[in-house]
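Q: I would like the atomic coordinates for the input below:
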Amino acid sequence: MNLTPPEAPEDGSNQPRVKPPAASVCAPETLIVLKKRSDFLKAARARRQGTASMMVQARKRALDEAPGIRVGFTCSKKVGNAVARNRAKRRLREAARAVLPVSGQVGWDYVLIGRADVTASRPFDALLDDLRYALRKVHGPRK
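A: Okay, the predicted model is just below:
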């Protein structure tokens, strides 16, 4: 299975009528994307774990909130211009699709925050390893 994310051309040129590669490695209904600001703020007040390429915030939801694994993505302007932020978020989305169905826990919200100059340029395998490491730390015992 190929886990490399689809990438935009380095020169930014559009390629009309060329189908992009399939992006998802898991069923789309497995992960629910966070959209509301209040959900992001709740995750920001919960556990967090930094890695070389991202910051992961995670919180266990109440039983009556929502089913499944929910995930949100964000990159501040420190990451760069709109093109750089979107590229970083695309890579975070692919990493989440590959890792969260296996290593994430149902009933949790995760917010992946991109880091300046690192998220967009880090090798994808290292990005996946960073997310797995962060999830192990978040779900492990607190010290």
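Q: just checking, what packs against the helix or strand containing residue 38?
A: Using DSSP states H and E, the element containing residue 38 is helix 37-44. Counting by 3 or more CB pairs under 8 Å, 6 or more residues apart in numbering; DSSP states H and E, the packing neighbours recorded for helix 37-44 are strand 54-60, strand 69-74, strand 108-114. To be clear about C-beta, it is placed using only N, CA and C from the backbone, and glycine gets the same treatment.
Q: Deepest in the core, which of the ones you listed is it.
A: Among these, strand 108-114 has the highest mean neighbour count (mean count of other CB atoms under 10 Å), at a mean of 24.
Q: how about the CA coordinates for that strand, as CSV?
A: Coordinates of each C-alpha in strand 108-114 appear next as CSV, following Å, rounded to 0.1, in the frame of the first residue of the first chain:
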residue,chain,number,x,y,z
TRP,A,108,-11.8,11.2,21.2
ASP,A,109,-11.3,14.5,19.4
TYR,A,110,-7.9,15.2,17.9
VAL,A,111,-6.6,18.5,16.5
LEU,A,112,-3.4,18.4,14.4
ILE,A,113,-1.6,21.7,14.3
GLY,A,114,1.1,22.3,11.6
